[in-house]
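Q: Coordinates only, no sequence provided:
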């Protein structure tokens, strides 16, 4: 097996000293163009890659960022990661992504590894039931950190969504269309995000004197949404519209309706949440509360860069508003339900 190329092997091939190779790799020193070309040619021939971790130790700056997220398979998270990576890599940072699957123990292992490897910053969706010791550990090591979606305390920068405002807008829109029986579909347990989204839905149900709120649990994926819409309709046949916890469960609900011979947007209205790419190209295209996940990821990365560049700046909390994007999965209630909705 061939040995890993080193500064010494590059120096030997180029016929120069090791310090000269080091200076060329770092772009420092008064090196002639001829010498620089010889070193770079030797490095290319040997496939030499500089040790960024060693360089970080010399400079005191680490340009590796960790993104600890709760569900990598979720398309919303994938698009957020894309935005994060696009901005941070353009600024010369390397991003590594770790998936906790919302498990606090698994998260603890990831964060321990993160600290041992001395990464330069952390983007983090805290797992449910994250212990206080985790926050104390991050504070002790003074790692620049930004939480995402789930805000945990007032000591850490945060980027999130105005969740209650968004679901209130969605519910009010359906009520304006004439829907009286509106259910909330998606999510399990009461995370802060889901709790806020349900509160916005419940508030409008109460303000508009709609039929009693119905909150139907479901995992936030297509298969779960497909199965949940069948049980929801069996238990509550009067429901004519749904506000969803996310786009994927909403898209699953639409598939479930189609399998029952129904048309989303005609027989039952469905609103998603996030506006992932699949929402616009689904059949039919999904009405949703759009938060532009790729742009949200760029915003998240920018807040972290600001913290890295100014560790003493005040803690920032940035929450974006969602925008209602009307497509084909919403309309007024079916004809048979309109008399009841209008009080007739």
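A: Cool, got the structure. Keep in mind that what you see is a predicted model, and the values were worked out from it rather than measured.
Q: who's in contact with stretch 119-128?
A: With CB atoms under 8 Å, 6 or more residues apart in numbering as the test, stretch 119-128 has contacts from 56, 61-70, 84, 93, 96, 100, 102-104, 106-107, 111, 114, 134, 138, 143-150, 152, 189, 191, 300-301, 304, 307-308. Bear in mind the C-beta positions are built from the backbone N, C-alpha and C, glycine included.
Q: so how far does it reach from one end to the other?
A: 23 Å (CA to CA, to the nearest Å).
Q: which stretches of this protein form strands?
A: Counting by DSSP state E, the chain has strands at residues 64-69, 94-99, 121-124, 145-148, 157-161, 182-185, 214-216, 241-244, 269-274, 287-290, 317-320, 323-325.
Q: tell me the contacts of the residue nearest the centre of the chain?
A: Central residue of the chain (CA atoms, centre = their mean): residue 77, 3.5 Å from the mean position. Counting by CB under 8 Å, 6+ apart, residue 77 makes contact with 69-71, 293.
Q: what about residue 73, neighbour count?
A: Using other CB atoms under 10 Å, residue 73 has 10 neighbouring residues.
Q: From residue 143, how far off is residue 305?
A: Applying CB to CB, to the nearest Å, one obtains 14 Å for the distance of residue 305 from residue 143.
Q: So between those two, which is more surrounded?
A: Counted by other CB under 10 Å, residue 305 and residue 143 do not tie: residue 143 has more neighbours, with 20 against 17.
Q: how close does residue 277 sit to residue 84?
A: 16 Å.
Q: got it, and residue 116?
A: Residue 116 sits 22 Å away from residue 84, going by CB to CB.
Q: between these two, who's got more neighbours?
A: For residue 116 versus residue 84, neighbours defined as other CB under 10 Å are more numerous around residue 84 (27 against 8).
Q: is it true that that one touches residue 297?
A: Yes - assessed by CB atoms under 8 Å, residue 84 is found in contact with residue 297 at 4.2 Å.
Q: number of nearby residues for residue 122?
A: Using other CB under 10 Å, residue 122 has 22 other residues around it.
Q: oh, I was asking about residue 37
A: When neighbours are counted by other CB under 10 Å, residue 37 comes out with 13.
Q: per-residue pLDDT, it?
A: Predicted confidence (pLDDT) at residue 37: the value is 91.
Q: again, but for residue 26
A: pLDDT at residue 26 comes out at 73.
Q: now residue 201
A: 98.
Q: got the contact list for it?
A: 167-168, 170-171, 182, 184, 213, 215, 243.
Q: what sits against residue 319?
A: By CB under 8 Å, 6+ apart, residue 319 lies in contact with 159-162.
Q: could you redo the last one with a cut-off of 6 Å?
A: Residues in contact with residue 319 (CB atoms under 6 Å, 6 or more residues apart in numbering) are 160, 162.
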